[in-house]
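Peer 1: Build me a model:
(one chain, ligands or ions: 2)
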Amino acid sequence: MTVQEVEGLGTRGYFIRSAFLGEARAVAVRDVALARMASGSLRPAGIRRGADRTQDSSVRGDLIEWVLPEPDTPLGELWESFRTLGDALSTGAYLGLGRFDLQLACYPGGGAHYSRHRDAFPGQSNRRATAVWYANAGWEPAHGGVLRLYPEGSAPVDVAPVLDTLVVFLSERIEHEVLPAYATRLALTAWYYGRAAG
Ligand code: OGA
Ligand code: MN
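Peer 2: Ligands and ions are numbered 1, 2, ... in the order given. Okay, here's the model as predicted:
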């Protein structure tokens, strides 16, 4: 982590890094993600409504699959990069992170979006940091699917979901939304838990 990244997380609650893996590895992950999508293994994401999980594409229109550590594959290498990132966040930003979950998400276009939300609520969850990595080669503004962050007390910040861009934010602090996507939009998201979590 750079000094600017540590400072960004501490003062604004987020930072953005434009090249996380390097182009060759990023393209390899993209190819695997596209193949998983094509194979039909992704499922519509659920949302929590009170105590229940339901599907409601007016809130959240992506298809998802959980990614497990796997040796010697592009997704496995990405998993390792997220693990290293978590260690760096703990050491550099004193976040005290433990395990993480990693999810592949695909918005199939057609205006699929994810309404404004937080990934964790103070006291209700032990998700502490969210890291989203994008796999969209050739992204253009007309493709939509921009991530809009709502930092407390300042103007919204838009993140284009361009190949190999990484955004990290504090899960309890930053509200965010995915604006309608008009082309296939791929992202891999890691949620890091505090060390006390099981
Ligand atoms: C999420 C989410 C953001 C993105 O899955 O909780 O907010 O840019 N994703 O895909
Ligand atoms: Mn989210």
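Peer 1: Would you check the distance separating the helix ranked longest in the chain from the middle of the chain?
Peer 2: Identified as the longest helix of the chain according to DSSP state H is helix 74-93. Between the centre of helix 74-93 and the centre of its chain there are 13 Å (CA atoms, centre = their mean, to the nearest Å).
Peer 1: How about the backbone phi and psi for the most centrally placed residue in the chain?
Peer 2: Geometric centre of the chain, nearest residue: Val132, 2.4 Å, by CA atoms, centre = their mean. The phi/psi pair for Val132 (degrees, to the nearest 10) reads phi -120, psi 130.
Peer 1: Can you give me the distance of it to ligand 1?
Peer 2: To ligand 1, Val132 is 5 Å away according to CB to the nearest ligand atom, to the nearest Å. C-betas here are computed from N, CA, C, even on glycine.
Peer 1: Kindly report the same for Gly123.
Peer 2: 19 Å.
Peer 1: for that residue, helix, strand, or coil?
Peer 2: Secondary structure for Gly123, judged by DSSP: H, G, I helix; E, B strand; the rest coil, is coil.
Peer 1: thinking again about what came up before, I'd guessed the residue nearest to the centre of the chain sits against Ser171; true?
Peer 2: No - using CB atoms under 8 Å, Val132 is not in contact with Ser171, being 11.2 Å away.
Peer 1: mind listing what the residue nearest to Ala196 when sequence neighbours are not counted touches?
Peer 2: Excluding the flanking residues, the one nearest Ala196 by CB to CB, 6 or more residues apart in numbering is Asn126, at 6.6 Å. The contact partners of Asn126, taken as CB atoms under 8 Å, 6 or more residues apart in numbering, are Ala120, Tyr193, Gly194, Ala196, Ala197.
Peer 1: From the contact counts, what lies against the longest helix of the chain?
Peer 2: Contacts defined by 3 or more CB pairs under 8 Å, 6 or more residues apart in numbering; DSSP states H and E place helix 74-93 against helix 3-11, helix 23-39, strand 63-67, strand 97-107, strand 127-134, strand 166-170, strand 185-194.
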